[in-house]
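>>> Okay, here's the prediction I keep looking at, along with the sequence it came from:
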Amino acid sequence: MKKTIQIPKTEIIKPNILYYGTPVILLNTWNEDESVNISPISSSWVLGDCIILGIGLGGKAIENLERHPECVINVPNPTLWENVEKLAPFTGKNPVPINKKENGFTYAKDKYNVSELTPIDSLSVKPSRIMECPLQIEASVRNIRIPDYSPNFAIVETQAIHIHAHKEIIIGENHIDPNKWSPLIYNFRHYFGLGNELGKTFRSET
């Protein structure tokens, strides 16, 4: 007997945002006075040692990267969501850009104090790492591109230099244990962790 396929009903929608479930990143960049700015971002993807970041224009992060092409890509776990949210309404840009002010942002200089997180020195780049984040990736900026079709953000290509991981999530010498590591997920402006494991790809080495 031929199986009947139930086709799901769909509708065309026009959401204001399309953060359909991506890891949160705390991006550390180097200020002109040699302090560190921390920017929560939720648009990134990785291929090999190349990490692509989507960063809005007009903020401190892109200004810093254009002037000093180094950063630390800190990846928090779900336990740090409240620290991330403490950063959310603040910008390191002074005066606050009009579009940010209209969206409720205010200026904060010391992002470590705001977030109640702890700086730790990097090995090869000037911005510090965030001690509490289980993954901390020192990176150099290789290219910054502003799309012609959407001039409100930049596509920033970075290359990983050093990858620091909390010891408790490492398995073997160079692998992250997926049963002990969970990124903080930004899902349509809500914070989530990962659920139970469903399986693994045939290329998995753990």
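Good, I have the coordinates.

>>> Spatially central residue for the protein, please.
The structure's the chain has its C-alpha centroid closest to residue 25; by CA atoms, centre = their mean the separation is 1.8 Å.

>>> Got the confidence number for that residue?
With respect to pLDDT, residue 25 has a value of 98.

>>> Just want the phi and psi numbers for the nearest residue to it once chain neighbours are set aside.
Once flanking residues are discounted, residue 25 sits nearest to residue 41: 5.0 Å by CB to CB, 6 or more residues apart in numbering. All C-beta atoms are positioned from the backbone trio N, CA, C, and that covers glycine. Phi and psi for residue 41, reported as degrees, to the nearest 10, are phi -130, psi 160.

>>> Low-confidence ranges, this protein, go.
1, 198, 201-203 (pLDDT under 70).

>>> which strands and helices sit next to the strand ranked longest in the chain?
Counting by DSSP state E, the longest strand found in the chain is strand 153-165. Contact here means 3 or more CB pairs under 8 Å, 6 or more residues apart in numbering; DSSP states H and E; on that basis strand 153-165 packs against strand 50-56, helix 60-67, strand 70-75, strand 135-145.

>>> Swap in 7 Å and give it another go.
Judged by 3 or more CB pairs under 7 Å, 6 or more residues apart in numbering; DSSP states H and E, strand 153-165 is in contact with strand 50-56, strand 135-145.

>>> Go through stretch 26-44 and flag the buried ones.
Buried residues in stretch 26-44, defined by neighbour count with 16 or more other CB atoms under 10 Å: 26-31, 36-44.

>>> mind listing which of those are in strands?
Among these, DSSP E puts 26, 27, 28, 29, 30, 36, 37, 38, 39, 40, 41, 44 in strands.

>>> got a list of what the nearest residue to the second one once chain neighbours are set aside touches?
With CB to CB, 6+ apart as the measure, residue 39 is the residue that lies nearest to residue 27, at 4.6 Å, once sequence neighbours are left out. Contacts for residue 39 (CB atoms under 7 Å, 6 or more residues apart in numbering) come out as 27, 29, 59, 60, 61.

>>> any idea which of those residues is closest to residue 197?
Residue 197 lies nearest to residue 27 out of these, by CB to CB, at 28.3 Å.

>>> and that closest one, what does it touch?
So residue 27 contacts 39, 41, 53, 61, 71, 73 (CB under 7 Å, 6+ apart).

>>> Make CSV from these and add distance to residue 140 to it.
Below are the contacts of residue 27 laid out as CSV (distance: CB to CB, whole Å):
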residue, distance to residue 140
39, 17
41, 17
53, 13
61, 15
71, 8
73, 11
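
>>> just curious, which of those is nearest to residue 136?
Nearest to residue 136 among the contacts of residue 27 is residue 73, at 7.6 Å by CB to CB.

>>> who does the closest one bridge with?
Taking DSSP bridges as the rule, residue 73 bridges to residue 27, residue 137.

>>> Wait, it touches residue 140, no?
No. Judged on CB atoms under 7 Å, residue 73 makes no contact with residue 140 at a distance of 11.2 Å.

>>> For those two, indicate the residue with more neighbours.
Remark: of residue 73 and residue 140, residue 73 carries more neighbours, 24 against 14, as counted by other CB atoms under 10 Å.

>>> what's the distance between that one and residue 126?
Between residue 73 and residue 126 the computed distance is 14 Å (CB to CB, to the nearest Å).
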